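Engineer: structure for this input, please:
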Amino acid sequence: MAHAVHAPRVNNNDDTVTVVRIAVAVGDFVRPGDLILEVETEKAAIAVEAEQDGHVLLVRGREGDTFAVGDVVVWLGDTPDEAVPEPVPDLSAPDIGGRDFAADEGVTGKARLLLSQHGLAAEVVPRLGSRLTAADVQAYVAGLAPTAQGGIAQRESVQRAPAQTEALPAPADLAPLRSGERAVLATVTWQRDHAAAAFLEIEYDPRVWREHGADFARGRRLLLDPTLALMAHRLALLAAATGANGTVLEQPSPRRVRYRQVNLGFTVQARETLYLCVVERAETLDPEGFVARLGELQRRAMAHRLAPAEARGATVGFTSMARWGVLRHVPILPPYCALMVAHGDAFDGGARAVLGVTYDHRLLSGFDAVRLLRLLADPARDIPNPRL
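Structural biologist: Next up, the predicted model:
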């Protein structure tokens, strides 16, 4: 029997996903947990794994293609020569606006509702993917003029207007963004559209941390300097203790979010690609376990072998530009994070350095941010009792 692998819903407000990686080919055999696809929207990415054994019978589309949520992207079979089923219409679909939608299984529920509201037939609306989505209908309606009666003037056929390229100051070549670049764009866009981002910094004595890191390394015979990893681990503990581990949701009504675990995001620059490695449940690890886990993620990032789950879901972040001699910088908040700490290089003969933080002022005050930085600057200071 053939089994369908569908395009998943990543966010409630997104009816389409983009395939950024196809990890299988026709003829492959997969087992439960094997990676099949990686898909993303503007806000998040997700891995699609096999739920059962199967032979890959068919792969629809290519990397970079857009699918509607629920579209079949891959067919798996019990045998390698099994036939791929024909599409089966949804017989429970209602008849809307005089059209038999039961005969058109390529229309989402939201799209059907919008078609009914505007008195449109599905066949006149251009679709971006294989299924007609609410976004397709909204784009079509936006390009139509209202009638004198206040309705929508329906056309027999319409061509969607091509997207307008922004005015550029000089002739240029255009190219699609790579996966890592799209991730950076999503991060920057989230801060622009949602967070009330503020920044502040303090000076501290970095020698205390250097001595602490050296003692830790000697006691465990480590070859690499663990100081930054230890600072990041302390940040995870402080986030759990101070209430900085959260965000604000604006819809359907403003709500404060406090995460039940700390997922520590740590930036890694691997040549031209910027990764945010994520240590899940960082507050539950001891320092040695955290250093080992972060080191593993850093090595995987440098080799461009991070799994999708290892680069998403951060609840707080830590970034350093000390290796390039940068003294201070202003980081961008990862999506749905209220805190991103910036570490810079030491100056004044190594006796002074700067710790900065970009924070979401909707959730944290300047006092909250300064208190956290002061606690982070000294590894000997006691951490308050956790609020998680």
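
Engineer: phi, psi of residue 59?
Structural biologist: When read as degrees, to the nearest 10, the backbone of residue 59 gives phi -120, psi 120.

Engineer: quick one, what contacts it?
Structural biologist: Going by C-beta atoms under 8 Å, 6 or more residues apart in numbering, residue 59 touches 22, 24-26, 73-74. In short, each C-beta sits where N, CA and C put it, glycine included.

Engineer: report the beta-bridge partners for it.
Structural biologist: Using DSSP bridges, the beta-bridge partners of residue 59 come out as residue 74.

Engineer: same check, this time on residue 353
Structural biologist: residue 204.

Engineer: now it: how far from residue 342?
Structural biologist: According to C-beta to C-beta, to the nearest Å, residue 353 and residue 342 sit 11 Å apart.

Engineer: near residue 381, how many other residues are there?
Structural biologist: Residues lying near residue 381 (other C-beta atoms under 10 Å) number 12.

Engineer: from here on, count from 24
Structural biologist: In the new numbering, first residue 24, that becomes residue 404.

Engineer: and it, that's in a helix?
Structural biologist: No - per DSSP: H, G, I helix; E, B strand; the rest coil, residue 404 lies outside any helix segment and is coil.

Engineer: just the buried residues from the contacts of residue 82, in ChimeraX please.
Structural biologist: This is how ChimeraX selects the buried members of the contacts of residue 82, with burial counted by 16 or more other C-beta atoms under 10 Å:
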select :45,47,96,97
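
Engineer: list just the nearest of the contacts of residue 82 to residue 309.
Structural biologist: Nearest to residue 309, judged by C-beta to C-beta, of the contacts of residue 82 is residue 47 at 38.2 Å.

Engineer: chain neighbours aside, what residue packs nearest to the closest one?
Structural biologist: Nearest residue to residue 47 in three dimensions, chain neighbours excluded: residue 79, at 4.9 Å (C-beta to C-beta, 6 or more residues apart in numbering).

Engineer: check contacts around the one you found.
Structural biologist: Residue 79 makes contact with 47-53, 97-99, according to C-beta under 8 Å, 6+ apart.

Engineer: so where does it fall, helix or strand?
Structural biologist: Here residue 79, judged by DSSP states H and E, is contained in strand 77-82.

Engineer: could you chop the protein up by domain?
Structural biologist: Using automatic domain parsing, the domain parsing of the chain gives 26-100, 111-178, 203-400.

Engineer: which stretches of the stretch 224-373 of the chain form strands?
Structural biologist: 269-272, 278-281, 287-293, 296-302, 339-343, 362-366 (DSSP state E, counting those that start in this stretch).

Engineer: what do you get for the stretch 74-223 of the chain?
Structural biologist: So, for the stretch 74-223 of the chain - with DSSP E, counting those that start in this stretch - the strands run 77-82, 89-91, 95-100, 220-227.

Engineer: and the ones you listed, which one is worst for confidence?
Structural biologist: With a mean of 86, strand 89-91 has the lowest mean pLDDT of the strands of the stretch 74-223 of the chain.

Engineer: can you get me the centre-to-centre distance for that strand and its chain?
Structural biologist: Its chain's C-alpha centre lies 18 Å from the corresponding centre of strand 89-91 when counted by C-alpha atoms, centre = their mean, to the nearest Å.

Engineer: again with stretch 212-225
Structural biologist: 17 Å.

Engineer: what's the end-to-end length of it?
Structural biologist: 27 Å (C-alpha to C-alpha, to the nearest Å).

Engineer: cool, stretch 149-158 as well?
Structural biologist: Criterion C-alpha to C-alpha; first-to-last residue distance in stretch 149-158 is 11 Å.

Engineer: these two touch, right, residue 248 and residue 239?
Structural biologist: No - assessed by C-beta atoms under 8 Å, residue 248 is found out of contact with residue 239, at 9.5 Å.

Engineer: between these two, who's got more neighbours?
Structural biologist: Legend: neighbour count by other C-beta under 10 Å for residue 248 and residue 239, higher for residue 239 (19 against 13).

Engineer: now the more buried one: how far from residue 232?
Structural biologist: 10 Å.

Engineer: which neighbours do those two share?
Structural biologist: Contacts common to residue 239 and residue 232, judged by C-beta under 8 Å, 6+ apart, are residue 253.

Engineer: out of the strands of the stretch 224-373 of the chain, which is closest to residue 39?
Structural biologist: Closest to residue 39 of the strands of the stretch 224-373 of the chain, according to C-beta to C-beta: strand 269-272, at 22.4 Å.

Engineer: next, residue 62: secondary structure please.
Structural biologist: Going by three-state DSSP: residue 62 is strand.

Engineer: what's around it, how many residues?
Structural biologist: Count around residue 62 with other C-beta under 10 Å applied: 25.

Engineer: ok, the residue lying closest to it once chain neighbours are set aside - contacts?
Structural biologist: In this structure, residue 62 finds its nearest non-sequential neighbour in residue 40, 4.1 Å apart by C-beta to C-beta, 6+ apart. By C-beta under 8 Å, 6+ apart, the contact list for residue 40 reads 30-33, 62-64, 89-90, 92.

Engineer: redo that, cut-off 7 Å
Structural biologist: Shown here is residue 40, whose contacts under the criterion C-beta atoms under 7 Å, 6 or more residues apart in numbering are 30-31, 33, 62-64, 90, 92.
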